[in-house]
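Provide a 3D model corresponding to the input given below.
(one chain, ligands or ions: 2)
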Amino acid sequence: MTETLPPLLLVGCGKMGGAMLDGWLKEGLAPSFIVDRHRDSVPAPHHLVRSLDDVPADFRPGMIILATKPQKVDAVLPTVAQFALHAPVISVLAGRTVKSLTDALAALQPPGSPTPIVIRTMPNTPSAIGQGMTVCYAPPIATPAQRRLCTRLLRAVGEVAWVEHEDQIDIVTSISGSGPAYVFLLAELLEQLGVADGLPPDLARLIARQTVSGAGALMQQSGIDAATLRHNVTSPNGTTQKALEVLMADGAWPATLAAALKAGAKRARELSGPQPVS
Ligand SMILES: NC(=O)C1=CN([C@@H]2O[C@H](COP(=O)(O)OP(=O)(O)OC[C@H]3O[C@@H](n4cnc5c(N)ncnc54)[C@H](O)[C@@H]3O)[C@@H](O)[C@H]2O)C=CC1
Ligand SMILES: O=C(O)[C@@H]1CCC=N1
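Residues are numbered from 1 along each chain as shown. Ligands and ions are numbered 1, 2, ... in the order given. Model prediction:
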C-alpha cells in the first residue's frame, strides 16, 4: 500500500500546482491546506482557502510548495516565512534562485531563526496523470532527509532527478518544464496542416493526437531509444526520409529548437530575482 504523503501547504493551485495536486490526491495526501484565489474546491479532508491569512498559524505542513507565478510570489512570502520556520519550501517557480528566495524568507523571520530551507524544482504538467518530470536542486544546507522527502513527494507524480549545479535548472526549464508545450504545438500543427490539405477536421484531430500520444507511449513502453524508433519509421528513400530531410536541414528543426531552448533559458535567468508585479 502507498504510504500517505505528508501534509502540504500548497500556495498557488493553478495549472502547475493543480496538476501536482491532482497527482498527489491520487496517491493519498495527509490533510493539507491549498491556497488559491481561483480554484473551486478540493476534496475532504483537505482545506481550500483564498488567502494564506486563512491558514491556521499552528498548521504544521511537512512541506510548503510555492506555485504562484514568479511575479506574484513576493506578496505571499511574509506569511510563508512564518510556516517556513518549521518546514522546508519547495519552489516550482521558473527562474527564481534558491538564494533569492532564501534571503527574502530569512529577512521576514525573527532574528536568529535557522536559515530557511528552499529546494528549487522544475516540474511539468503531465504530473497530473503521474507522468511528470521534475528536476530538483537543493543547496548544501538541505539535509538528506529533506531531499528524500522532496523526492518522495515528487515521485508520486512522475520521474524525479537531481542536478548538482543550480544553473542547470535553467536549461532543464526549457527542455522538460516547457517541453510539453512544444509537443502539444506539434499536435496542433499536424492537425492544422491536415485540415489545410483537405482532411475533415475531426479526422485531422484524431490522427494528430493519436500519433503524438501513440509515439510517446511507444517510446515509454518499449524503452527503445528515440533515434532507433525514428529509424524504424524511416524506410530508405521512402516518405519519412524525404520529410525528415526537410526537418533536419541546416537552419531547420535542430537550429530552431536550439534557439528556442536558449530563449527559454535566458528568460529563466531574467526571472532569477524579485519581479515587478504584473
Ligand atoms: N504551467 C507549467 O507548465 C509550469 C509552471 N511552472 C511554474 O509554476 C508556477 C505557476 O505557474 P502556473 O500554474 O502556470 O500559473 P497559474 O497562474 O495557472 O497558477 C498560479 C496560481 O496562483 C494563485 N495565486 C497567485 N497569487 C496568490 C495569492 N496571493 N494567494 C493565493 N493564490 C494565489 C492564482 O490564483 C493561480 O491560480 C510558475 O512559477 C511557473 O514558473 C513550472 C513548471 C511548469
Ligand atoms: O512558461 C513558464 O514560464 C513556465 C515554466 C516552465 C513551463 N511553464
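
pretty sure Pro61 is touching Ala87, no?
Yes - when contacts are counted by Cβ atoms under 8 Å, Pro61 is listed as touching Ala87 (5.0 Å). Every residue, glycine included, has its C-beta placed from N, CA and C.

shared neighbours of the two, anything?
Leu9 (Cβ atoms under 8 Å, 6 or more residues apart in numbering).

which residues are in contact with the helix or strand of the chain with the lowest mean pLDDT?
The helix or strand of the chain with the poorest confidence is helix 15-27; it has a mean of 93 (mean pLDDT, DSSP states H and E). When contacts are defined by Cβ under 8 Å, 6+ apart, helix 15-27 is touched by residues 2, 5, 8, 10-11, 13, 34, 36, 39, 42-43, 46, 65, 67, 92, 123-130, 132, 153, 156-158.

So which elements touch the helix or strand just after that helix?
On the C-terminal side of helix 15-27, the closest following helix or strand by DSSP states H and E is strand 33-35. Packing partners of strand 33-35 (3 or more Cβ pairs under 8 Å, 6 or more residues apart in numbering; DSSP states H and E): strand 8-11, strand 47-49.

if you average pLDDT over the first one, what comes out?
The one in question is strand 8-11. Mean pLDDT, computed over strand 8-11, is 98.

what does the shortest one give?
Predicted confidence along strand 47-49 averages 98 (mean pLDDT).

can you tell me how far Pro56 sits from ligand 1?
Going from Pro56 to ligand 1 by Cβ to the nearest ligand atom, to the nearest Å gives 16 Å.

residues near that residue, how many?
Neighbourhood size, Pro56 [other Cβ atoms under 10 Å]: 9.

Pull out the buried residues from stretch 5-15.
5-13 (16 or more other Cβ atoms under 10 Å).

where's that stretch relative to the chain centroid, distance-wise?
13 Å (Cα atoms, centre = their mean, to the nearest Å).

returning to that earlier point: closest to Thr228 out of the helices and strands packed on strand 33-35?
strand 8-11 (40.0 Å; Cβ to Cβ).

mind putting the helices and strands packed on strand 33-35 in JSON lines, distance to Arg205 included?
Converted to JSON lines, the helices and strands packed on strand 33-35 look like this (distance: least, Cβ to Cβ, whole Å):
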{"stretch": "strand 8-11", "distance to Arg205": "34"}
{"stretch": "strand 47-49", "distance to Arg205": "34"}
